[in-house]
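In: Below is the sequence, then the predicted model.
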Amino acid sequence: MAVVKLFGTIGDIAGWSEAKLEGATLGEIKAAAAGGDARLADHLDHRSTLVILNATLTPFSLRSDDLPIRPEDEVAFGSPVGGG
């Protein structure tokens, strides 16, 4: 099972920050993390949500729902950040 971490607002909505979840693809991991919560699913799918796979930020263009996830992977989702 992959380790899934949720940061910021996404973790607040889910009510948890780390879990081990089953899923062979990013889409399956997102579905498992959302657990049927449509609001959380929308946040996980949003273009501006940060997706970090094994400590590497994954650009939107490379993070299709078909992206393979291995059991030893760590997948993190974070709220977009701003600054100035």
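Out: Noted; the coordinates are in hand.
In: Check which residues of stretch 10-21 are buried.
Out: 10-11, 13-14, 21 (16 or more other C-beta atoms under 10 Å). C-beta: built from backbone N, CA, C; applies to glycine.
In: which two in those residues are spaced the farthest apart?
Out: Taking C-beta to C-beta as the measure, the buried residues of stretch 10-21 span a maximum distance of 16.0 Å, between I13 and L21.
In: Show me where the protein has its helices.
Out: In the chain, helices defined by DSSP state H lie at 8-14, 26-34, 38-45, listed in chain order.
In: out of the ones you listed, nearest to E72?
Out: If you check each of these against E72 by C-beta to C-beta, helix 26-34 wins as the nearest, at 13.3 Å.
In: could you dump that closest one to CSV, C-alpha only?
Out: Provided in CSV are the C-alpha atoms of helix 26-34 (Å, rounded to 0.1, in the frame of the first residue of the first chain):
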residue,chain,number,x,y,z
LEU,A,26,-3.0,7.9,-9.3
GLY,A,27,-6.7,7.9,-10.1
GLU,A,28,-7.2,4.9,-7.8
ILE,A,29,-5.2,6.6,-5.0
LYS,A,30,-7.3,9.8,-5.4
ALA,A,31,-10.5,7.8,-5.2
ALA,A,32,-9.4,5.9,-2.2
ALA,A,33,-8.3,9.1,-0.5
ALA,A,34,-11.6,10.8,-1.2
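In: Counting by contacts, list what it packs against.
Out: With contacts taken as 3 or more C-beta pairs under 8 Å, 6 or more residues apart in numbering; DSSP states H and E, helix 26-34 sits against strand 2-6, strand 18-21, helix 38-45, strand 74-78.
In: In JSON lines, list the ones you listed along with distance to I52.
Out: Putting those into JSON lines (distance: least, C-beta to C-beta, whole Å) gives the following:
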{"stretch": "strand 2-6", "distance to I52": "8"}
{"stretch": "strand 18-21", "distance to I52": "13"}
{"stretch": "helix 38-45", "distance to I52": "13"}
{"stretch": "strand 74-78", "distance to I52": "4"}
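In: All good on my end, thank you.
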